[in-house]
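Enquirer: Fold the following.
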Amino acid sequence: MPRPSWRPRQSPRRRARAAAGSSHAAMADPELQLVERRIRSFPDFPTPGVLFRDISPVLKDPASFRAAIGLLARHLKVTHGGRIDYIAGECRVAASRAPLPPRAPRAELEIQKDALEPGQRVVVVDDLLATGGTMHAACELLGRLQAEVLECVSLVELTSLKGREKLAPVPFFSLLQYE
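Expert: Got it, this is the predicted structure:
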């Protein structure tokens, strides 16, 4: 298997993956439970048999949005301390996006050539990890700028699609996991 072009952080302090299942809100963290209650599910969307997870209610509710940001920030602080130079993520306005065609073959991402200096430490953030295509593309793009990708994080992970495997060896963390 070829090595990725980006430089992942190789640290023994990688956070262990939470137990699979609907989520790890059973840990009795009230903030995590608040976030989980705001995730909407739409059966058979965009195609029959698919259960779409919608995070827009989290974004609309100040308390759950603040909780999600706080939980992710605490994870990053514990895991990386003050050693993060940049947070990289996809930008959307008012959670709008073009419809995803069935079996979209690629993800296109852009970054300015001078956005980062070689060796700067970056965490990649996305709302949801499914197949890992977008986060993998982001890591590749950051690698072209010679950034050090410390970790990828998301609010929701769809574990049955095995997206975290596509990101290896970059560590991955998600607040909520669903099959």
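Enquirer: model confidence over stretch 43-50, on average?
Expert: Mean pLDDT, stretch 43-50: 90.
Enquirer: distance of the closest residue to His136 other than its chain neighbours from Leu76?
Expert: If you skip the residues right next to it in sequence, His136 has Lys166 as its closest partner in space, 4.9 Å away by C-beta to C-beta, 6 or more residues apart in numbering. For the C-beta atoms, the positions are set from N, CA and C on the backbone; glycine is no exception. Counting by C-beta to C-beta, to the nearest Å, the gap from Lys166 to Leu76 is 21 Å.
Enquirer: For those two, indicate the residue with more neighbours.
Expert: Summary of the neighbour comparison: Lys166 and Leu76, criterion other C-beta atoms under 10 Å, with Leu76 having more neighbours (20 against 17).
Enquirer: check contacts around the more buried one.
Expert: For Leu76, the contact set (C-beta atoms under 8 Å, 6 or more residues apart in numbering) comprises Ile84, Val123, Glu151, Val153.
Enquirer: does it sit in a helix, a strand or a coil?
Expert: helix (DSSP: H, G, I helix; E, B strand; the rest coil).
Enquirer: And the residue most central in space within the chain, which helix or strand is it part of?
Expert: The residue at the geometric middle of the chain, judged as the C-alpha nearest the mean C-alpha position with C-alpha atoms, centre = their mean, is Ser154 (2.5 Å). Ser154 is located in strand 148-158, with elements delineated by DSSP states H and E.
Enquirer: Ok, Thr79 next?
Expert: Once you assign secondary structure using DSSP H and E, Thr79 falls within helix 62-80.
Enquirer: Let's test this: name the helix or strand in the protein with the lowest mean pLDDT.
Expert: strand 7-8 (a mean of 47; mean pLDDT, DSSP states H and E).
Enquirer: I figured Ile111 was touching Cys139, is that so?
Expert: No - Ile111 is beyond contact range of Cys139, at 11.7 Å (criterion: C-beta atoms under 8 Å).
Enquirer: Neighbour count: the two, which is higher?
Expert: Cys139 (24 against 14).
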